[in-house]
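Undergrad: Just the structure for this:
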Amino acid sequence: MDHVPLLGATRTRIVKHLSQGPRTAVQLAASLEIQVSAARKHLERLRALGVVEERFERAGPGRPKKFYSLTDEGRELFPRRYDAVLNALVTELVKDGGEAGAQGTLRRVARGIAASQVPEAGTDRPRLRLLAAGLEDLGFEPVVTHRGGECTITSRNCPILRTANLHRELVCRALHAEIIRAATGVAEVQRGKWIVDGDPVCTHVFPVA
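TA: Numbering: from 1, shown residues only. Below you'll find the predicted structure:
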């Protein structure tokens, strides 16, 4: 998402930052290099538009702080290029072959996508960069991090959120997680956070050599 004309440049940048997780006005002001008062004004306008919501949370000692996060309407500002077609397709797959049949079909689709992104599966850094580029093209906005013998792929956007809300196991496990599993060649991918559960991101963790 480069720019949303109705929001303006600064508010578009705020929405982009909030796609990575809740932020305070102070944190956003620092990231955007603007005054805190200006950040608050933009946030209040975004809240009035239904793009942003606020809640108080404790972040260490002291009084709770006000955090801002995206609403479902806010997330809809990000790419949703496949929802309508995929929604209808998955619904028909379930009707024709039940959940098991639909899952098998989506897994095969996921493996085909993975093979187009990473022709030879693996968890080395060059292949993970290919996987990240492929997921970026699909609209997942991934970030790849390594810690010890594990790799975590954090997806900051779900380009098929509407379908995931209706068919969570099919989309989240048989498609999204299976693309990652097939591209890396690992036996299993552990899921952590889920956007469909209200988390700001989706996370997938797997071992690396």
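
Undergrad: need the longest helix for this structure.
TA: In the chain, assigned by DSSP state H, the helix with the most residues is helix 83-117.

Undergrad: Beyond that helix, next helix or strand please.
TA: Using DSSP states H and E, the helix or strand that follows helix 83-117 in sequence is helix 125-138.

Undergrad: Let me know the average pLDDT across that next one.
TA: The average pLDDT within helix 125-138 is 93.

Undergrad: cool, stretch 61-81 as well?
TA: The predicted model gives stretch 61-81 an average pLDDT of 81.

Undergrad: Now that stretch: buried residues?
TA: Residues of stretch 61-81 classed as buried: 65, 67-70, 74-75, 77-80 (neighbour count, 16 or more other CB atoms under 10 Å). Just so you know, the C-beta spots here come from the backbone N, C-alpha and C atoms, and that holds for glycine as well.

Undergrad: what does stretch 186-196 give?
TA: 186, 189, 194-195.

Undergrad: Quick check: end-to-end length of that stretch?
TA: End-to-end distance of stretch 186-196 (CA to CA, to the nearest Å): 24 Å.

Undergrad: From residue 49, how far out is the residue positioned nearest the centre of the chain?
TA: The centroid of the chain falls nearest to residue 157 when counting by CA atoms, centre = their mean (2.6 Å). Relative to residue 49, residue 157 is positioned 19 Å away (CB to CB, to the nearest Å).

Undergrad: helices or strands next to the longest helix of the chain in the packing?
TA: Applying 3 or more CB pairs under 8 Å, 6 or more residues apart in numbering; DSSP states H and E, we find helix 83-117 packed against helix 125-138, helix 161-166, helix 178-184.

Undergrad: do you know which of those helices lies nearest residue 92?
TA: Across these, residue 92 has its closest neighbour in helix 161-166 (12.3 Å, CB to CB).
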